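# Got a predicted structure plus its sequence, pasted below:
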Amino acid sequence: MFHGFDFDATMLRIGSMNMMLHEVENPDIRYRDSLAESASGDAERYSLLLANPPFAGSLDYEATAKDLQRMVKTKSTELLFLALFLRLLKPGGRAAVIVPEGVLFGSSKAHKAIRRTLVEEHKLDGVVKLPSGVFKPYAGVSTAVLLFTKTNSGGTDNVWFYEVAADGLSLDDKRQPLLSDDKFGPVPEAGELTEDEYAKNNLPDVLTRWNHRATSEVDRARTEQSFCVPKDEIAENGYDLSVNRYKEVVYEEVEQRAPGEIMDDLARIEAEIQQGISELKGMM
């Protein structure tokens with residue numbers, strides 16, 4: 001089902017056409033405010049949810065479903081949609097949701113509450129940070145994908161993090177392809193990518209490492225592009241889910257020349273300049 005928020009008839013037609021282009025012949029598209037009390041009848045109905053909810057919009061707070069407000073007291077639509085998705089999922093249901101990066105580290109009570117809910121009351125499987133520019137030219141906001149399983153009983157052990165640097169397209173307003181068509185996406189038709197091609201399309205690596213998040217990924221160093229963080233450490237950090245909070249940056253050691261040696265070089269260069277000026281004056 002396609003859940004809308006503040007949509008008009010034109011958006012509904014676009015949504016229907018999009019479903020048809022993706023070979024979904026009978027999509028269930030409804031014109032309604034998914035956050036409203038009147039739309040609360042779909043609780044625990046879905047086992048898989050993929051969503052890119054609106055990051056901002058006009059919100060009728062009084063009409064917003066009361067159970068969502070109990071879960072997260074806020075007017076922030078991105079947080080309310082996370083609460084909605086938890087309500088829509090069956091126990092054991094899985095979700096992959098695109099959120100603005102601020103959801104990962106926002107310091108408000110509502111931000112911390114929804115992150116704590118995902119980590120402590122359900123199973124937060126992973127956080128995939130997307131590069132700035134993936135939604136250009138329509139939006140320049142930095143985003144991430146939250147991957148979680150509804151359990152109602154916890155289950156988070158290690159949270160897997162991946163910082164995507166490239167998705168196969170330029171990250172400017174033009175979003176031009178950087179590779180041939182057969183080397184796009186998480187499963188390229190051309191097969192395994194070369195190192196140079198991988199640098200332009202991280203998605204196959206994301207999929208491969210996601211499938212190993214409970215095994216080899218657990219031992220990856222935090223200097224790598226992907227790594228795991230124990231739940232207890234995330235709790236100690238106020239349930240901050242930003243990659244930069246846990247990623248370790250390795251700085252290359254740079255050997256600096258001794259100050260005296262630099263001063264000697266400057267004096268030599270100055271002497272050469274003065275000699276050149278003197279020779280020039282002699283020529284004049």
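Structure received. Numbering: from 1, shown residues only.
# Name the next helix or strand following the longest strand belonging to the chain along the chain.
If you go by DSSP state E, the chain has its longest strand at strand 89-100. Once strand 89-100 ends, the next helix or strand along the chain (criterion: DSSP states H and E) is helix 102-105.
# Report all helices and strands that that next one contacts.
Contacting helix 102-105 under the criterion 3 or more C-beta pairs under 8 Å, 6 or more residues apart in numbering; DSSP states H and E are the following elements: helix 77-88, helix 109-116, strand 143-149. All C-beta spots, glycine's among them, are computed from the backbone N, C-alpha and C.
# now the angle from the second one to helix 77-88?
Calculated by axes from the mean of the first three to the mean of the last three C-alpha atoms, to 10 degrees, helix 109-116 forms an angle of 40 degrees with helix 77-88.
# Buried ones in helix 109-116, by neighbour count?
Under the neighbour-count criterion of 16 or more other C-beta atoms under 10 Å, helix 109-116 has 110, 111, 112, 113, 114, 115 buried.
# Report the buried residues of stretch 223-234.
Judged by neighbour count (16+ other C-beta under 10 Å), stretch 223-234 contains these buried residues: 225, 226, 227, 228, 229, 231, 234.
# Compute the first-to-last residue distance for that stretch.
The first and final residues of stretch 223-234 sit 17 Å from each other (C-alpha to C-alpha, to the nearest Å).
# Helices - which of the buried residues of stretch 223-234 land there?
231, 234 (DSSP state H).
# which of the buried residues of stretch 223-234 sit farthest apart?
225 and 231 (21.4 Å; C-beta to C-beta).
# Let's have the buried residues of helix 109-116 in TSV, adding pLDDT and distance to residue 167.
Putting those into TSV (pLDDT from 0 to 100; distance: C-beta to C-beta, whole Å) gives the following:
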residue	pLDDT	distance to residue 167
110	93	30
111	95	26
112	96	30
113	95	31
114	96	26
115	97	25
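# from those residues, which two are the most distant?
In the buried residues of helix 109-116, two members sit farther apart than any others by C-beta to C-beta. They are 110 and 115, at 9.7 Å.
# rewinding a little: so which of the helices and strands packed on helix 102-105 is the most packed in?
When you average the neighbours per residue for each of the helices and strands packed on helix 102-105 (mean count of other C-beta atoms under 10 Å), helix 77-88 leads with a mean of 23.
# before we move on, back to that, mind listing what's buried along the longest strand of the chain?
Residues of strand 89-100 classed as buried: 89, 93, 94, 95, 96, 97, 98, 99, 100 (neighbour count, 16+ other C-beta under 10 Å).
# Could you give the bridge partners of the third one?
If I follow you right, that is residue 94. When bridges are taken as DSSP bridges, the partners of residue 94 come out as residue 48, residue 149.
# So what's the residue count around the residue nearest to residue 89 when sequence neighbours are not counted?
Closest residue to residue 89 apart from its sequence neighbours, by C-beta to C-beta, 6 or more residues apart in numbering: residue 150 at 4.1 Å. In terms of burial, residue 150 registers 25 neighbours under the definition other C-beta atoms under 10 Å.
# Residue 150 and residue 52: what is the separation?
Note on residue 150: its distance to residue 52, by C-beta to C-beta, to the nearest Å, is 19 Å.
# now swap in residue 27 and tell me
Distance of residue 27 to residue 52, computed by C-beta to C-beta: 16 Å.
# And residue 250, by the same measure?
Applying C-beta to C-beta, one obtains 34 Å for the distance of residue 250 from residue 52.
# same thing with residue 18?
Computed as C-beta to C-beta, the residue 18 to residue 52 distance reads 12 Å.
# just residue 93 next, same as before
Using C-beta to C-beta, residue 93 is found at 18 Å from residue 52.
# who does residue 99 bridge with?
According to DSSP bridges, the residues that bridge with residue 99 are residue 144.
# Same check on residue 159?
For residue 159, the beta-bridge partners are residue 229 (DSSP bridges).
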